[in-house]
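Asker: Here's my sequence, what's the structure:
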Amino acid sequence: MSGRRPFTFARCLGRTLVTAPLVVIVVAAGAVSAHAADVPWTIAKSANVTLPGGTIESVDCSAAAACTAVGTDLNTSGIYVTLAERWNGKKWRRQATPDPAGDTTASVAPTLLGVSCPAAKFCVAVGDYKSGFTQAGLAEEWNGSTWKSQSFPVPAASSGWQLTSVSCASTLFCEAAGGYLNADTGVNDTFAAKWNGKSWSLQRTANLSPSEFEFEQFNTVSCSAPTFCVGWASGNAGNPGETLAERWNGRSWRLQTVPSSDASVNSVSCTSAKFCDAVGLDDAYAWNGSAWTAQTIPAPAASGNLQGVSCESADFCEAVGEYNNDGNDVPVAAKWNGKTWTSQPASAPATSTFAHLYAVSCATVKSCEAGGYFEVQQTANDPQALADGWNGKAWTSQQAATPGGATSNSLSGVSCVSASFCEAVGTHFDSAGNQDTLAEAWNGKSWTIQPTPDPANPYGSPDDNELYSVSCVSPRFCEAVGAGATGALTVMWNGKSWSIQGRPGAADVSPQVVSCASASFCLAADAEGHVDTWNGTAWSASAASTVLTYFGSVSCLSGTFCEAVGADSAGPEAAEWDGTSWTGQAIAGPVSTVLNDLSCTTTTSCEAAGEVPNGDEEEGTVAESWDGSAWAVQSTPSPVTTQGSELTGISCTSATSCTAVGWYTSSSVATFGQLLTVAETWSGTAWTLDSSPNSGTQSLLQGVSCGSSEECTAVGSAADEGGVTQTLIETGA
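Answerer: This is a model prediction of the structure:
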């Protein structure tokens, strides 16, 4: 979780916690029957908000209604995967593509950079990925129904290589081009390979001598026939290297003279041995069969970067790219009519603030497809696939396939009233960089995301909303509290939808906690002692607590009985609400003990859980019980291999049956420093440690509810293999 950090009294005391911010959970009072013992904890499949994603790097059309686009996508686990989409003349659809073995971390980052489709049932796509500490090339083939990986030869002296472009004159002839790090010379050379319909074979390219450059690789290649191809190469911003062009004559690659050593070419398209066009940063060049000559590009395309070009003939080409317009990248296109280039406005979604077109392919003069990406908000850095279509008159936006991608999700509170109804709340981030509220519902079979209201930030974007705590008394009534940019946030569930409520006494502090005894009585409080009550119609400010410095949690059984726990600099605190005022209670525990959560089943039976210092910088779990007259500290176990542990949620179904959850920091060799889940159960005489599963790294449970069933539900978050925080839900007893 990131953004607004819930308040913890431990931080107020100057102590540093070893985990993510503490969030409390308050559950509604449930039945008092004990839940079943020895039910193992298991991970439940939870829902996560996703972001539309994808980046299109290359596109090729074998016909107006048969185009393929390729690129990369950040999936829901935060892992980069290859992306391929197919255009059927009406709609873009994603295709399944293979990824390199071992693509289980974000660092592998495979991407398809080039694609060529000489027929409707044949395409070749190339790209690269990270293999250990070096780069490796990637080649895939489409057979009309599936994508399959191709075996590709590697230069003998290579210590790292990549493929950047591919062009096929037929299903029996393709050229793939890129660059490799020559271990013998220590420089990066161009390289190319030929496809004969069955396999790839390496070719010798016309590299400059090592003394003339330090870095060189092919950026683009285009073939009009098996006996004519052109490739352009250069260095890049971080690796100097001269621009060069090479021509394939069916037997060998030969250097061509380029108009300027400053030429920067991103894409080339050849219709015959006598006509090619190449475009790049502020540049365009034409090949007439014997020489390259510079062309003039008009504004605004001239002030930008043309990334892709596709020619149908010497009299028709389309080029696409982007230019900067008052700080915003805007897509742009240009058309060649055989004599001059004319700039054209390209299209991007109305919400776009940062758009690029990387590639274009024209099947006819009236049918072109372009692809790239855009962002809703530039600072969010969440790309979405962008597709534009040319109909002979104008460019228009199309709905590119935008697979669901990763964004941070976490749950901080849960309340269950039966085996077929639970509500869990938390936060997620959207594609505009806003932190928004999150609510998920359990219907007895699955968890589903519910729409929740998010107040806009009156001080400008982004929004900053999250929910900390929820309390339900039935499937038709729940209250959830949290915080937004303007202060405390309160929302109500009426069985159909969530709606925002006003709380007159609410302050903008964390945590916000809530407990409902019925649909006509709820009590909400914050970390600074402000208290509000719900009467079934509206919230009203109630007497602030003068005996409780910090509300960590509250549990209400009726309008005349609520118990609350917290802490101050002298140690833990507790207080009782009688419907009118708060009365402080003596409570044991060392200084700096923090009680995070509380669950009462009767006025004479409450359990509180939290953390207590255990050594210099370590914390250990703690529990305390209320018998109607006094609080008593209970002994709680902690995992053996721990650097510190904490209980963040507790739920009781009777005086002899409670479940508490939280996290600990591992000290074992295999998982050293990771956050792992903790679950403990109370039998009425002792607390025992349960075995709870972990999902990926940095797993922690923030709240638990046993409701009126024999099964408990715990919620929290876990960082998956891509390092993205996702919701974590576990069930057990």
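Asker: Where does A334 fall, secondary structure wise?
Answerer: In this assignment (DSSP states H and E), A334 forms part of strand 328-336.
Asker: So for that strand, what gets flagged as buried?
Answerer: In terms of neighbour count (16 or more other CB atoms under 10 Å), strand 328-336 has its buried residues at 329-336. Where C-beta positions appear, they are placed from N, C-alpha and C, glycine not excepted.
Asker: what's the burial count for A225?
Answerer: By the criterion of other CB atoms under 10 Å, A225 has 14 neighbours.
Asker: And for A363?
Answerer: 18.
Asker: about what we covered before: for the strand holding A334, C-alpha coordinates in CSV please.
Answerer: Extracted in CSV, the C-alpha atoms of strand 328-336 (Å, rounded to 0.1, in the frame of the first residue of the first chain):
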residue,chain,number,x,y,z
ASN,A,328,2.2,17.0,-24.1
ASP,A,329,3.3,14.3,-26.6
VAL,A,330,0.7,14.2,-29.4
PRO,A,331,0.5,11.5,-32.2
VAL,A,332,1.1,12.8,-35.7
ALA,A,333,1.1,11.3,-39.2
ALA,A,334,2.4,12.4,-42.6
LYS,A,335,1.5,11.3,-46.2
TRP,A,336,3.8,11.0,-49.2
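Asker: between the helix or strand that comes right after that strand and strand 328-336, how many degrees?
Answerer: Downstream of strand 328-336, the next assigned helix or strand under DSSP H and E is strand 341-345. In terms of direction (axes from the mean of the first three to the mean of the last three CA atoms, to 10 degrees), strand 341-345 departs from strand 328-336 by 140 degrees.
Asker: contacts for strand 341-345?
Answerer: 284, 295-302, 319, 332-335, 394-395 (CB atoms under 8 Å, 6 or more residues apart in numbering).
Asker: doesn't T243 make contact with A263?
Answerer: Yes. Using CB atoms under 8 Å, A263 is in contact with T243, at 4.5 Å.
Asker: Now list whatever residues contact both of the two.
Answerer: Listed as contacting both A263 and T243 by CB under 8 Å, 6+ apart are S234.
Asker: State the mean pLDDT of the strand holding A334.
Answerer: Averaged across strand 328-336, pLDDT comes to 94.
Asker: what about that strand, distance to the chain center?
Answerer: With CA atoms, centre = their mean, to the nearest Å as the basis, the distance from the averaged C-alpha position of strand 328-336 to the chain average is 29 Å.
Asker: can you give me the strands in the stretch 51-200 of the chain?
Answerer: Using DSSP state E, counting those that start in this stretch, the strands of the stretch 51-200 of the chain run over residues 51-52, 55-63, 66-74, 80-87, 92-95, 111-119, 122-131, 134-142, 147-149, 158-170, 173-182, 188-195, 200-203.
Asker: Between strand 134-142 and the fourth one, find me the angle.
Answerer: Interaxial angle, strand 80-87 versus strand 134-142 (the same axes, to 10 degrees): 30 degrees.
Asker: before we move on, the earlier item: from the contacts of strand 341-345, keep the buried residues only.
Answerer: Neighbour-count burial (16+ other CB under 10 Å) applied to the contacts of strand 341-345 gives 284, 295, 297, 300-302, 319, 332-335, 395.
Asker: of those, closest to A136?
Answerer: A319 (30.8 Å; CB to CB).
Asker: My read is that the closest one contacts G304, right?
Answerer: No. Taking contacts as CB under 8 Å, A319 lies outside contact range of G304: 10.4 Å.
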